[in-house]
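# let me see the structure of the following:
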Amino acid sequence: MFAAGDRVVYPLHGGAIIKEIERREQDGVPVDYFILQMLFENMTVSIPVENAERLGLREIVSKEKLDEVAAVLHEVPDVQSIKSISWNRRFQVYMEKIKSGCILEVAKVFKILVVLEQEKKISVGERRLLHNAKQILQSEVMLVNNVDADQAEAWLKGCC
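Numbers count the residues shown, from 1 in each chain. Next up is the predicted model:
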């Protein structure tokens, strides 16, 4: 499936590089783990190899897919219909989209929250979601385009 050095995306955390595959013993049984070095937060995550697919670990997208992301970010979402939904329900919908691991869904959430923030001050929870969605997108752009965080952020801003 994956090997050390592969560039991957882990939903909710974003882009990462597989540092190594480590074997650990769990209840007397050897279990292999992907050791992921996340691009932000100086965080390392361990994922059992056998659970990687279920947890949504995936390869980074192609440059062509980033063109689709740019198109989503250029669109102007209908925030009026979104505002009519309670904050709790919106939060659930946003989290489902982010947890899906689909970069296009994350881009939609990001764009909606950017537009809402431009219109009025958004809640602390929505601001946190905006930050998370931005980091997820930014980290994948970094890996796909081989750029640093500032260049990836500039790409995102250029698309919005």
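# look through this structure and report the residue furthest from the middle.
When distances are taken from the C-alpha mean of the chain, residue 28 lies farthest, 34.5 Å away, according to Cα atoms, centre = their mean.
# could you name the helices and strands sitting against the longest strand seen in the chain?
Using DSSP state E, we find that the single longest strand of the chain is strand 14-26. Helices and strands touching strand 14-26, by 3 or more Cβ pairs under 8 Å, 6 or more residues apart in numbering; DSSP states H and E, are strand 7-10, strand 29-38, strand 44-48, helix 124-145. C-beta here means a position set from N, CA and C on the backbone, and glycine is covered the same way.
# mind running it again at 7 Å?
Secondary-structure packing of strand 14-26 (3 or more Cβ pairs under 7 Å, 6 or more residues apart in numbering; DSSP states H and E): strand 7-10, strand 29-38, helix 124-145.
# buried sites along the longest one?
Yep, that's helix 124-145 we're talking about. Residues of helix 124-145 classed as buried: 126, 129-130, 132-144 (neighbour count, 16 or more other Cβ atoms under 10 Å).
# what's the answer for stretch 100-109, then?
101-103, 105-109.
# one more: stretch 45-57?
45, 47, 49, 52, 55-57.
# so what touches the lowest-mean-pLDDT helix or strand in the chain?
Sorting the helices and strands of the chain by mean pLDDT, DSSP states H and E puts helix 79-83 at the bottom, at a mean of 80. Contact with helix 79-83 is made by 90, 112, 115-116, 119, as judged by Cβ atoms under 7 Å, 6 or more residues apart in numbering.
# in contact with residue 160, which residues?
73, 111, 114.
# follow-up on the earlier one: closest one to residue 18 out of the buried residues of helix 124-145, please.
Taking Cβ to Cβ as the measure, residue 18 lies nearest residue 143 of the buried residues of helix 124-145, at 11.7 Å.
# and this structure, what are its domain boundaries?
7-59, 63-159 (automatic domain parsing).
# okay, which residue is most central for the chain?
Centre-nearest of the chain using Cα atoms, centre = their mean is residue 136, 2.9 Å out.
# quick check: nearest residue in space to that one, chain neighbours excluded?
When the adjacent residues along the chain are set aside, residue 136 lies closest to residue 14, with 4.0 Å between them (Cβ to Cβ, 6 or more residues apart in numbering).
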